[in-house]
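*Asks:* I would like to see how this sequence folds:
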Amino acid sequence: MNTNSVMTTWVFGCLTCVNSALLAGGLSLGCVADLEIDTEEELGESAERLTGWTYHSKGTTTDTTRVDLGSFNDRTCVLSGVAGNLSQGSWQMFGEPARAAVREDVDQHYSLKGHGGAQAGLVGPIWHNNPVFAAATCFFTTENRNYTIRSADGANSIDLTPWNNRRRCFLSALHGIDGAWSHADDFARVFPTSINWWVESMHHTAAPNAVVDTVCVDFPEGTVFTTGSASALPGQTKTKVITSGTGIKGCGLTHVTGAFNNDSWTDGVIINPPSAINGDWTITVSNGKAAMYTCAK
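*Replies:* Residues are numbered from 1 along each chain as shown. Purely as a prediction, here's the structure:
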């Protein structure tokens, strides 16, 4: 696929810098970071090809300000990383659940939020200062897109569109309040049957302490998909290469399992973009977590 532009930008809460390198690293406690790798052809030039991807990330304790991921009229954005503590927060008025979330906003733009939770105070939220890191991948395809429904514990059909070999569904948001993600076998996943796609979320706490959002979309004819899984034992961190070969690829999460209750920016599952635009993606899994992913090329 032809590429017209490559841009990497880290935006911090107190400063902005533009780096000509394809990747930059580092996230300070409480800072906001947006890592974007952008590759686009003129949209609409070819409906037969996957035209590229963008990657963004944000990790905060109390900052609910979004990272703008661009128009949802020309892209579909999915969750590609979550780490930290999703087990402190509240659904009450003036409270905040902890969340790693890709959402569609009223201005017809996608937003990414990664922040900790808060209990409801008399005049506003009382923050727990629990860190949450979130990452998103955006694909430049919107065909037959089905926006998410929310699911608490249990399994629900999310997509009544007949199954076809170009259609894929991804996790788009994970939300949690007190105790929601506190056990090693808590999980959220999206998966296909021979008829349609389903979302399932199981937790030891009563619903709706944990909530999962999903999104489904058709990819262009000829897109090649790879799927797989990765896991790490308690106390371990493992990184695995999840794509191969030439061409532009992009990856998103379809299943996460584990206790997301540690105050750490890196304790979780994070899909990492390549250092070259057509390079290979990796996934880093830590401390008893497991994940499944889908990559498109």
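*Asks:* what ranges of the stretch 1-150 of the chain fall below the confidence cut-off?
*Replies:* Where the stretch 1-150 of the chain drops to pLDDT under 70, the residues are 1-51, 149-150.
*Asks:* Please list all residues in contact with residue 238.
*Replies:* Contacts for residue 238 (C-beta atoms under 8 Å, 6 or more residues apart in numbering) come out as 230-232, 284-286. From N, CA and C alone the C-beta is placed, and that goes for glycine too.
*Asks:* Between which two of those residues is the distance greatest?
*Replies:* Within these, two members stand farthest from each other by C-beta to C-beta: 231 and 284, at 11.6 Å.
*Asks:* in this structure, which spans are helices?
*Replies:* With DSSP state H as the definition, the chain shows no helices.
*Asks:* related to what we said a few turns ago, and residue 231 and residue 284? Which one has more around it.
*Replies:* Taking other C-beta atoms under 10 Å, residue 231 and residue 284 do not tie; residue 284 has more neighbours (20 against 17).
*Asks:* Is the more buried one in contact with residue 272, as I believe?
*Replies:* Yes: using C-beta atoms under 8 Å, residue 284 is in contact with residue 272, at 6.2 Å.
*Asks:* beta partners for residue 270?
*Replies:* On the basis of DSSP bridges, residue 270 is bridged to residue 81, residue 284.
*Asks:* Now do the strands in the stretch 51-200 of the chain.
*Replies:* 53-60, 67-71, 76-84, 98-104, 109-115, 118-120, 125-127, 132-139, 143-146, 154-159, 167-176, 187-192, 197-202 (DSSP state E, counting those that start in this stretch).
*Asks:* quick check: angle from the fifth one to strand 132-139?
*Replies:* What that stands for is strand 109-115. 160 degrees (axes from the mean of the first three to the mean of the last three C-alpha atoms, to 10 degrees).
*Asks:* Next, the angle strand 53-60 makes with strand 109-115.
*Replies:* Computed by the same axes, to 10 degrees, the angle between strand 109-115 and strand 53-60 is 40 degrees.
*Asks:* And the last one, by the same measure?
*Replies:* Angle, strand 197-202 to strand 53-60, by the same axes, to 10 degrees: 20 degrees.
*Asks:* got the contact list for the residue nearest to residue 196 when sequence neighbours are not counted?
*Replies:* Leaving aside its sequence neighbours, residue 196 sits nearest to residue 159 (C-beta to C-beta, 6 or more residues apart in numbering; 5.1 Å). By C-beta under 8 Å, 6+ apart, the contact list for residue 159 reads 146, 167, 169, 196-197, 216.
*Asks:* Looking at those, which has the smallest pLDDT value?
*Replies:* Among these, residue 196 has the lowest pLDDT, at 84.
*Asks:* so how far is residue 212 from that one?
*Replies:* In this view, residue 196 and residue 212 are 17 Å apart by C-beta to C-beta, to the nearest Å.
*Asks:* Which of those two has more residues huddled nearby?
*Replies:* More crowded of residue 196 and residue 212, by other C-beta under 10 Å: residue 212, with 27 against 17.
*Asks:* For that one, give the beta-bridge partners.
*Replies:* Going by DSSP bridges, residue 212 forms beta bridges with residue 151, residue 174.
*Asks:* Wait, it touches residue 181, no?
*Replies:* No: look at residue 212 against residue 181 with C-beta under 8 Å: they stay out of range, at 10.9 Å.
*Asks:* which residues are common contacts for those two?
*Replies:* With C-beta under 8 Å, 6+ apart as the test, residue 212 and residue 181 both reach residue 174.
*Asks:* hmm, back to that, let me have the contacts of residue 159 in a markdown table, extended by distance to residue 239.
*Replies:* What follows is the contacts of residue 159, written out as a markdown table (distance: C-beta to C-beta, whole Å):
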| residue | distance to residue 239 |
| --- | --- |
| 146 | 32 |
| 167 | 29 |
| 169 | 25 |
| 196 | 34 |
| 197 | 29 |
| 216 | 28 |
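*Asks:* so who does residue 96 touch?
*Replies:* Counting by C-beta under 8 Å, 6+ apart, residue 96 has contacts 64, 89-90, 115-118, 125, 127.
*Asks:* Show me what residue 102 is bridged to.
*Replies:* residue 112.
*Asks:* From residue 54, how far off is it?
*Replies:* For residue 102 relative to residue 54 (C-beta to C-beta), the value is 12 Å.
*Asks:* Looking at the two, which one has more neighbours?
*Replies:* residue 102 (32 against 23).
*Asks:* these two touch, right, that one and residue 170?
*Replies:* No: contact criterion C-beta under 8 Å: residue 102 and residue 170 do not qualify, at 9.0 Å.
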